[in-house]
Structure formats: structure tokens, C-alpha cells
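In: could you work out the structure for the sequence below:
(chains A and B)
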Amino acid sequence: MALEISGISASETGTGRGLEWLAMGIGVVLLIGAPFVVYPVFLMELLCMALFACAFNLLIGGGGLLSFGHAAFFGGGAYIAAETAKEFGFPFELAILAGTATAIFLGLIVGLVAIRRSGLIFAMVTLALAQAVYFLALRLPFTHSEDGIQAVPRGWLFGIVDLRDNMAMYYVTAAIFFLGYLLVRRVWKSPFGQVLRAIKDNQPRMISLGFPVDRYKLINFILSAALAGTAGSLKAVALGLATLTDVDFSTSAAVVLMVLLGGLGTLMGPVVGAIITVSMDEYLAGIGIPVPVVIGVIFVFIILIFRRGIVGEFLYYLERWQARGAR
Amino acid sequence: MSAMALFGQVLLGLINGSFYAMLSLGLAIVFGLLGIVNAAQGAFYMLGAFVAWMLLQYLGIGYWPSLILAPLAVAIFGIILERTIIRRVYNLDHLYGLLLTLGLFQIIQGLFVYWYGTSGQPYDTPELLSGGHNLGFMFLPNYRAWVVVASLILCFGTWYAIEKTRLGAYLRAATENPTLVRAFGINVPLLVTLAFGGGVALAGIAGVLAAPIYQVNPLMGGNILITVFAVVVIGGFGSILGSIVTGLALGVLEGLSKVFYPEASNMVIFAIMIVVLMLKPQGLFGRER
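Out: A predicted model of the protein is given here:
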């Protein structure tokens, strides 16, 4: 039996498409209105994690590959963006690009090795390679090992907008997040995305049809890594901090949890999962309950009885309801 | 460079390699039978060390009884988890097994970090094995020699039990075709539970053996688990003997790299994994599945 990855089929049909536009409309309104209600810095962290989750979801929803090492790209991007912004004096947009480029480079190397296997071994290989990146981050001089890179300046967007203002920084973060979300959506609905899904469903057939399967997988992997790198870079600059936590395994596991909780392969799922997970982290840290234990319990709970995730479950019932209506 | 330092690192590597071998052996047995990669193996290793420490701390039970009692307790705990929780994902995609055991790992490790912190508790070397011998070319602490010998005996004992005994034959048959083996009147679910318990017990013993060398630390399982995953990818899941040999060899290589290029010693195993995946994706001893 395969992983229960929700297709995007439910959003293709009439009601589904209407609902998707409705959800997206509500999402945009929330995105614009949220900083007037909630502390903007918390929202920035949330959006960066949500973008990271979308990046992870691009890989598993597109190609069915579950990566256990996405923190390498998130943290790699974060470190380089922080370093270039702080020590080289890069402006905001260049620092983000530098972080993203780093993630693309790492994604190319990890991807080339990891896509030679699939399923379990793919997960273990990405985990091991991410650990190698972690050791690099621990050892390289510029990362300041345990301290990380602190007090990263936000700078100016295109030299015009002063990002030291929380509201300005928030709206830039929100815009980048939204573009990232649209990118994932576009990729999935493109012919490229269709080929990826076909590879996931039946790889031998796609090979016999003459598709360069490995190249498709690699490009998707690099895209996902790049987006994760953007998320990490954005986080480093917006919160002014890049640390070992960004590259370590807990971050890789956190993103897996977000996407599982929201629903593997659903467009909105990672966002929903990120909102819940990040809010929960914040809340639990305040009352002293050990976060890893709660995360572990949620993992077990989801896998035993809630494998479609929140959005996946919703789409599943929507589809059944539509099928009944059609009959 | 002195020969002393060289042999010292090789010994240290051999010890690390023994732990890699025992843990990856447990993983390989469970994987062969169930197709599940048991990420909780790292937690069972940590539990082995902690149970031994708790037996000493709270009940005054020393190292030698602990060597039996701790793995037994850990194995029983593992079997309970297998029967109540892990069993439920056997028919699902095997990635769910990895995710589930990872969740269990996080719960166990998280609880111990919460209770005992991350600083680590000392555990004394048993009196019988304190001290060491000067072999001329190196100083050999008795306890370390014991760890290498004990783990070699355990590993090859396990190999013998699986490859050469009747129970092992049932086990291998159940790996190939569980339905047919059940039709012959053999209780395969019981066999699975026993094998799972055996794999867990191996991790538990490794934990007790490790306690006097490293400190008893809630994070010890997580640190070694990822390396063991890499070891398993390098060796491939095909053979029992393969995972023993790969574990030992990689431990020694890691030790050697500490002598020649210490900065890279953490990376050596991962670098080897990359090379192996490029040249022989199914692993050194793996078979194409």
C-alpha cells in the first residue's frame, strides 16, 4: 500500500474549484489583516515555516518522495543569508537570493545521490546527508557553532522600504510566502507536475514511454530545496538569527509533522499544519510541557488513525459527498 | 605520529563499530521480517543504558546482573510497543512504520530529557574489568577489550542463530513467505514478536555495554541512530553478516580518520555512503528488491 497522498483532483471539479478560490480569498484577507491582531514577528516565523512546509510538500505531493533532511536546505539557506547580510553587507533581496542559491547547490548534490533510491532508503539517505550538513555547520568557522549568527540586520528592500519596521517586514514576508504558495500550485497543475504524478504512480511505464524519469525527480527535488532555502533565508533575516536548530534533525522532523498533520499532497495542508504546529510550540514552551514528547504523540496519533491529515480528510469527504450527488 | 595514538583510535573505532554492528543488526532483523525500519532502536539503546543506571542508582544492582536484566526489561517494553502500536502499521506503506517509530523515539527521548536533562550520568566501570594491560605498542583498557569481545560474540551468535538453527530457518522462511509458513502450522506472529524482541534486546545490551564508556545520556540514542542509518544504507539490507562487517569496518575507518584528519571524522561515514550510493545503489551486501 502506498502513502495516502491526497491528489489535487478534488479541487479540479466544480464545487472544489469554487471552494479553493474561496479558501484562497479568505487566506489573502487573513494574510493582510493578521498583523493588526497578532504580533507580527510571530506571524513572520509562522509564514516562514509554512513556506518551508509548502516546499517539503512539493517534493512528496509531486513525486511521492519523503525527505527526512529538509532542514539542510532550510538551515543552509538561513546561514548563508545571515552571513551575507551581516558580514558582507548584502541588501535584503541579495541575501535571500544567496541563501536560495546555496539551497539549490545543496539540493543538487543531495538530490543526485538520494534519487537513486526511493521510499524508505530515500528517507534514510536524506536524513544522513542532512546530518553531514549539520556537522559542517557545527565545524565551519563562520557559523559560530553553538551561538549561531545573531543580530542579522534586515536592511532595506530595493533600497526603498525600511525593513526594520515590523509591519513592512511582515508584508514582504507575506508576499514572498504567497508567491511561493502560488509557485507550488502552478508546478502541480503544469504538465511537469502531471509527469511527476505519473512517475509516482507507475515509474516503469514512464521509463518505457521515454520520459527521463531521474531528471524529472531531480528537478523537482532542487525546486523543493530552493523553496526551503528561501524560507530559511527569509526566517534568518526576518528574525535576525541563524542557529544550529535550523539545520538539525528536529527541524526536519517538524516539517514532516506539519505536512502530515495538514495532509500530504494537499495545497492548503502544509499551511494549516504549520499554523497549528508553530502555535502549539509557542504555547507549550510557555507552560513547560516538553515539546518533543507532544510532537511524538501527535506523530503516533496521526499515523495510527488520521493519515489523510486535516485538509486531506476534508477533501476526502468532499469528494465522497460530490460522488453521492452525482449519482 | 605515534603508534600508541594510532592503535588507540583503531580500538576506539572498533568499539564504536561494535555498537554500529549491534544496532544495525537489530534493524536488519526487524527490517527483513517486517519491512519496517525501526527508528525507535536508538531509544532502546538509550533505555538499555538508563535501565542499568537506574538499577544501580535506585536498587543497588550492579553491572553484571544489569547486563541480563536491562536488555530483558527493554525487550519486554519493546514487545509491548510492538503488540499494541507498531503492529498496526504492518499493512501500510513502510514509510508509516518509520514515521511511527520515529514518533515513539521522540516520546521516549523527550521524556528522559525532561526527567534527567541532557548533561549525562556517570556509570562506573565494573571492578572486575577496571585497569588495563600495556601491550607494548598500546595501552589496552580491560573494559574496552571486553566490549569488543562481547559484542563480537553477540553478533556472531545472532548470525549463527539465524543462519544455522531450526528457529532461524523458520524465521528466514517467514521472511520469504509468511503465509506459506503459517500454513505449515508455525505461529508467525509470535515469531515476529520474538524477533522484534531480539532486535530490541540487542540494542538494550549495546546500551548497557556503552554505559561505562560514554556517559548515560538521554541523547545518546539519537546521536548514534543517524550514523547507524547511514551504516545500514552502505551495507544494504540484504544480509545479516553484511551488517555486522559493515558496522565494524565503518567504525574502524571512522577511528582512523580521527588520526589522520580529525576535522572530517564525523563526515567519513556520510562520504562513504555517497560513494557507495553512486556506485552500487543497493548497498555493498544488498540485493535488489
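
In: phi first, then psi, for B:Leu135.
Out: Phi and psi for B:Leu135, reported as degrees, to the nearest 10, are phi -90, psi 10.

In: what does the stretch 101-250 of chain B have sitting close to chain A?
Out: Neighbours of chain A within the stretch 101-250 of chain B, by C-beta under 8 Å from any C-beta of the partner chain: B:102-111, B:113-114, B:222, B:226-227, B:229-230, B:232-233. C-beta here means a position set from N, CA and C on the backbone, and glycine is covered the same way.

In: what is the subsequent helix or strand relative to the helix or strand harbouring A:Val110?
Out: Assigned by DSSP states H and E, A:Val110 belongs to helix A:92-114. Note on helix A:92-114: by DSSP H and E, the next helix or strand toward the C-terminus is helix A:119-139.

In: all strands for the chain, in order.
Out: Reading this off chain A. Along chain A, counting by DSSP state E, strands occupy A:149-150, A:156-157, A:161-162, A:241-242.

In: if you could check chain B rather than the one you did, that'd help
Out: Under DSSP E, chain B gives strands at B:132-134, B:139-141.

In: lowest mean pLDDT across those, which one is that?
Out: The weakest mean pLDDT among the strands of chain B belongs to strand B:132-134, with a mean of 74.

In: enumerate every residue touching A:Leu51.
Out: A:Ile176, A:Phe177, A:Gly180, A:Tyr181, A:Leu227, A:Thr230, A:Ala231, A:Leu234 (C-beta atoms under 8 Å, 6 or more residues apart in numbering or on different chains).

In: from these, which single one is nearest A:Ala23?
Out: Relative to A:Ala23, the closest of these is A:Tyr181; by C-beta to C-beta it sits at 11.5 Å.

In: can you tell me the closest non-neighbouring residue to the closest one?
Out: A:Cys54 (5.7 Å; C-beta to C-beta, 6 or more residues apart in numbering or on different chains).

In: thinking again about what came up before, want to throw the strands of chain A into JSON lines with mean pLDDT, distance to B:Thr165 and mean neighbour count?
Out: Shown next, in JSON lines, are these (pLDDT from 0 to 100; distance: least, C-beta to C-beta, whole Å; neighbours: other C-beta atoms under 10 Å in any protein chain shown):
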{"stretch": "strand A:149-150", "mean pLDDT": "78", "distance to B:Thr165": "57", "mean neighbour count": "17"}
{"stretch": "strand A:156-157", "mean pLDDT": "71", "distance to B:Thr165": "70", "mean neighbour count": "16"}
{"stretch": "strand A:161-162", "mean pLDDT": "72", "distance to B:Thr165": "73", "mean neighbour count": "13"}
{"stretch": "strand A:241-242", "mean pLDDT": "84", "distance to B:Thr165": "54", "mean neighbour count": "24"}
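
In: closest one to A:Gly107 among the ones you listed?
Out: When the strands of chain A are compared by C-beta to C-beta, strand A:241-242 sits nearest A:Gly107, at 18.1 Å.

In: by contact count, what packs against that closest one?
Out: helix A:71-86, strand A:149-150 (3 or more C-beta pairs under 8 Å, 6 or more residues apart in numbering or on different chains; DSSP states H and E).

In: now do 7 Å
Out: Identification of packing neighbours for strand A:241-242 by 3 or more C-beta pairs under 7 Å, 6 or more residues apart in numbering or on different chains; DSSP states H and E yields helix A:71-86.

In: look up how far A:Ile287 lies from A:Leu112.
Out: Distance of A:Leu112 to A:Ile287, given as C-beta to C-beta, to the nearest Å: 45 Å.

In: same check, this time on B:Gly35
Out: Counting by C-beta to C-beta, the separation of B:Gly35 from A:Ile287 is 40 Å.

In: more neighbours: these two, which one.
Out: Neighbour tally, B:Gly35 and A:Ile287, criterion other C-beta atoms under 10 Å in any protein chain shown: the higher count belongs to B:Gly35, 16 against 6.

In: re earlier: now do the buried residues in the helix holding A:Val110.
Out: For helix A:92-114, a neighbour-count test (16 or more other C-beta atoms under 10 Å in any protein chain shown) marks A:92, A:95-107, A:110-114 as buried.

In: spit out the contact partners of the residue nearest to A:Tyr181.
Out: A:Gly180, A:Tyr181, A:Val184, A:Leu227, A:Pro270 (C-beta atoms under 7 Å, 6 or more residues apart in numbering or on different chains).

In: so B:Ile272 makes contact with B:Gly235?
Out: No - counting by C-beta atoms under 7 Å, B:Ile272 does not reach B:Gly235; the two are 10.7 Å apart.

In: what's the burial count for whichever residue of the stretch 101-250 of chain B sits closest to chain A?
Out: As assessed by C-beta to the nearest C-beta, chain A sits closest to B:Gly103 within the stretch 101-250 of chain B, at 2.9 Å. Counted by other C-beta under 10 Å, the residues lying close to B:Gly103 total 27.

In: can you tell me how far it is from B:Ser24?
Out: Counting by C-beta to C-beta, the separation of B:Gly103 from B:Ser24 is 21 Å.
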